[in-house]
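Student: Next comes the sequence, and after it the predicted model I'd like to discuss.
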Amino acid sequence: MKNILTYSIAIIASIFFMSCEDVVNVDLDTAPPKLVIDAAIKWEKGTSGNEQKIKLTTTTGFYNSTIPSVSGATVFITNSSNTVFNFIETPNTGEYICTNFIPVINENYTLTVIHDGQTYTATDKLYASPDIDNIEQGVFPGIGEDQIQVKFYYQDNGAEDNFYLLGFKNSNIAFPEYGVAPDEFFQGNQMFGFYTDEDLKPNDVLDLSLQGISERYSNYMTKLLNIAGTNEGNPFTAPPATLRGNIINQTSKANFPLGYFSLGEVDTDTYVVQ
């Protein structure tokens, strides 16, 4: 009788834990799709910068596994001399490519996107970026054991206020990580960005990037990174606010798109962890 009781409890427990693995779909309100414009123009040092890409998508439901692309739009950028740089879609991808773009430091550019009877515009300047001067590896005290830390250094221009977007792409992580750095407390001095991860080990590859950006884009990215870090692993946590960029719907201002139009020179380097 004792054995029968034990087996019965084990069977009930197994059924209970199996039931806990069932997928539960919660009914969620879905807002009408919004246009998302990914228009980050980056001029990598040492290249002509003639080939640039703008991607158009829309927002979608929480449970959708694919992001809808937007085809059939008219996309172009003009400079201060009214030279037009057309972006032509790779068919059915939502990716619009320009092969004759001319990047000029401190030049002003205007983006225009026309889709579904709506016209969207934004203006920004192409910002310079300093060089990545050198890269150092050290040890950072971690929880339980020390962690590897990689730093790259660059020289700030003391004649102006500058803002930088720092990028780190770990070969073992699917997506790059970003940080924003103003020169408020480093005016005219050497600055640095650093990366550490508890799983970072020798022979891992880090792709590093440094981009000059506007103050407004710096504020936008700071808010975006803060929003991305507020969910604390809870997939049902809603963002605390809708983050609006600098792109305006000229046809219907209330129907604003998501995304940002930015331009910047970028310096890149690759580091193999020792």
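Tutor: Perfect, I can see it now. Numbers count the residues shown, from 1 in each chain.
Student: which residues in the stretch 151-274 of the chain form strands?
Tutor: 163-170, 177-182, 190-196, 205-213, 248-249, 258-272 (DSSP state E, counting those that start in this stretch).
Student: TSV please, covering the ones you listed and showing distance to Trp43, mean pLDDT and mean neighbour count.
Tutor: From N, CA and C alone the C-beta is placed, and that goes for glycine too. Formatted as TSV, the strands of the stretch 151-274 of the chain follow (distance: least, Cβ to Cβ, whole Å; pLDDT from 0 to 100; neighbours: other Cβ atoms under 10 Å):
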stretch	distance to Trp43	mean pLDDT	mean neighbour count
strand 163-170	13	97	20
strand 177-182	18	95	17
strand 190-196	19	95	18
strand 205-213	9	97	21
strand 248-249	24	98	16
strand 258-272	5	97	20
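Student: Any idea which of the ones you listed gets closest to Ile143?
Tutor: strand 190-196 (11.9 Å; Cβ to Cβ).
Student: Listing partners with orientation, what would you give for the closest one?
Tutor: In the sheet, strand 190-196 lines up against strand 147-155 (antiparallel) (DSSP bridges).
Student: between the strands of the stretch 151-274 of the chain, which one is nearest to Ile102?
Tutor: strand 258-272 (11.7 Å).
Student: hmm, back to that, of all the strands of the stretch 151-274 of the chain, which one is nearest Ile88?
Tutor: Among these, if distance is taken as Cβ to Cβ, the winner is strand 258-272, at 18.1 Å.
Student: name the helices or strands packed onto the closest one?
Tutor: In terms of contacts (3 or more Cβ pairs under 8 Å, 6 or more residues apart in numbering; DSSP states H and E), strand 258-272 is packed against strand 35-44, strand 118-127, strand 132-140, strand 147-155, strand 205-213, helix 215-228.
Student: What's the per-residue pLDDT of Glu232 here?
Tutor: Glu232 is assigned 44 on the pLDDT scale.
Student: Which strand residues bridge the residue nearest the centre of the chain?
Tutor: Centroid-nearest residue in the chain: Tyr178, 7.2 Å away (criterion: Cα atoms, centre = their mean). Counting by DSSP bridges, Tyr178 is bridged to Gly167.
Student: shouldn't it be in contact with Tyr164?
Tutor: No. Using Cβ atoms under 8 Å, Tyr178 makes no contact with Tyr164, being 10.6 Å away.
Student: Let's have the strands of the stretch 151-274 of the chain in TSV, adding distance to Tyr220.
Tutor: As requested, those are exported to TSV (distance: least, Cβ to Cβ, whole Å):
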stretch	distance to Tyr220
strand 163-170	10
strand 177-182	9
strand 190-196	19
strand 205-213	9
strand 248-249	14
strand 258-272	6
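Student: of those, which approaches Pro33 most closely?
Tutor: strand 258-272 (10.4 Å).
Student: Direction included, what does that closest one pair against?
Tutor: strand 35-44 (parallel), strand 118-127 (parallel), strand 205-213 (antiparallel).
Student: Select, out of these, the one closest to Leu258.
Tutor: Short answer: strand 35-44, nearest of the strands paired with strand 258-272 by Cβ to Cβ, at 4.6 Å.
Student: List the contacts of the very next helix or strand once past the closest one.
Tutor: With elements assigned by DSSP states H and E, the helix or strand that comes after strand 35-44 is strand 52-58. The contact list for strand 52-58 (Cβ atoms under 8 Å, 6 or more residues apart in numbering) reads 33-39, 41-42, 67-70, 73, 75, 85, 87, 94-98, 101, 111, 113, 115.
Student: For Ser80, list the residues it contacts.
Tutor: 107-109.
Student: Report the angle between the strand or helix carrying Asn86 and strand 52-58.
Tutor: Element membership of Asn86, judged by DSSP H and E, is strand 84-90. Calculated by axes from the mean of the first three to the mean of the last three Cα atoms, to 10 degrees, strand 84-90 forms an angle of 60 degrees with strand 52-58.
Student: No further questions, thank you.
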